[in-house]
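In: Here is the input, now give the coordinates:
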Amino acid sequence: MSSSYAAIYEQVRLIPSGSVATYGQIAALAGRPKHARQVGYALHALDEESDVPWHRVINARGEISLRSVDGKMIQRVLLEAEGVTFVAGRVRLKDWRWNPRDLSDKS
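Out: This next block holds a predicted model:
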């Protein structure tokens, strides 16, 4: 595993249950600003047994970016099980975005 993937996974593991982060947000926190696609590649490379909560990462529009219908459904079900709600297919980032500097996270 590359060191940038390891840094990405480390940041994704910090997202508390019931919160989401964007690909760009994770890229910046992992020291790779402007490399949001690399976050997507890293999450796609995870195996099924991984403990990285990949489902908590969404795009900057608050949408699920997975290409497959099954993957989108799985991600949505996992987020809804954590209490995250969708309005017209989107997560309201102002309500659900994780702020790593905020001590009042929903964790």
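In: for the lowest-mean-pLDDT helix or strand in the chain, packing partners?
Out: Lowest on mean pLDDT, DSSP states H and E among the helices and strands of the chain sits helix 69-81, with a mean of 91. When contacts are defined as 3 or more Cβ pairs under 8 Å, 6 or more residues apart in numbering; DSSP states H and E, helix 69-81 packs onto strand 86-87. Quick note: C-beta positions are derived from backbone N, CA and C, even for glycine.
In: what separates the next helix or strand after the strand it packs on from the chain centre, distance-wise?
Out: As assigned by DSSP states H and E, the chain's next helix or strand after strand 86-87 is strand 90-91. How far strand 90-91 lies from its chain's middle: 12 Å, per Cα atoms, centre = their mean, to the nearest Å.
In: All further residue positions should be reported with the first residue as 643.
Out: In the new numbering, first residue 643, that becomes strand 732-733.
In: mean confidence score for strand 732-733?
Out: Per-residue pLDDT values over strand 732-733 give a mean of 97.
In: Give me the sheet partners of it and which way each runs.
Out: Using DSSP bridges, strand 732-733 pairs in its sheet with strand 728-729 (antiparallel).
In: in the least confident helix or strand of the chain, what counts as buried?
Out: Q717, R718, L721 (16 or more other Cβ atoms under 10 Å).
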